[in-house]
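Peer 1: Structural data only, the sequence is not supplied:
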């Protein structure tokens, strides 16, 4: 390893160990590189050669594995916070979109041939409020996370907490959507095909929910160090 490339090789090795949002990762690597070059410059001013100065700077900065763990926690936390903000905004908007679409194209639901059973009414009510409950949970998690970030709690732990909340929130939303869809199909499957635009809105809602599920899963992956 050439002396002039000691810092570059260190940053490259750090880059290979990190997973997460590209712009956050680039900022962390740029910050690390700048800090290393500043430290190396100070050691050169103290009389060390270029290679020795860079090696000293790298040694003082810390082992790659230890720094990667710290940075990975920051990446996981950044992705978790972004996912929670997305859940907070997108799920209520998706629910409102579907309801407005349904009211415009179908209007009020016609009564079932027979009164729906209690279990269906429970599912329907829970599904109606699930988007708002999940959004509220995301807001609370963001607020609590911001307070915890000021404590000695590690970024890795905070990232895992954010990922857990995201996975549970998205999981509840997907479960509610699947439950009401399956329940409606069981009682009166024709309702699912009453309006092509509403059916399309339902498909869009599921696509959005599945995309959020992917983001939630990445929260867990990015916080695994």
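Peer 2: It's in. For clarity, every value in this text was computed on a predicted model and none was experimentally measured. Residues are numbered from 1 along each chain as shown.
Peer 1: Could I get the buried residue list for stretch 66-83?
Peer 2: 67-68, 71-83 (16 or more other C-beta atoms under 10 Å). To be clear about C-beta, it is placed using only N, CA and C from the backbone, and glycine gets the same treatment.
Peer 1: Spit out the contact partners of the nearest residue to residue 15 once chain neighbours are set aside.
Peer 2: In space, and not counting its chain neighbours, residue 15 is closest to residue 29: 5.8 Å by C-beta to C-beta, 6 or more residues apart in numbering. Neighbouring residues of residue 29 by C-beta atoms under 8 Å, 6 or more residues apart in numbering: 11, 14, 15, 18.
Peer 1: quick one on the thing from earlier: now the two most distant members of the buried residues of stretch 66-83.
Peer 2: Farthest-apart pair in the buried residues of stretch 66-83 is 67 and 83; separation 24.5 Å (C-beta to C-beta).
Peer 1: average pLDDT for the longest helix along the chain?
Peer 2: Scanning the chain for the helix with the most residues, using DSSP state H, yields helix 64-105. Averaged over helix 64-105, pLDDT sits at 89.
Peer 1: what's the angle between the helix or strand hosting residue 147 and helix 64-105?
Peer 2: Using DSSP states H and E, residue 147 falls within helix 118-148. Orientation check (axes from the mean of the first three to the mean of the last three C-alpha atoms, to 10 degrees): helix 118-148 against helix 64-105 gives 140 degrees.
Peer 1: element containing the residue in the chain sticking out farthest from the centre, please.
Peer 2: Residue farthest from the centre of the chain, counting by C-alpha atoms, centre = their mean, is residue 47 at 47.3 Å. Using DSSP H and E, residue 47 sits within no helix or strand.
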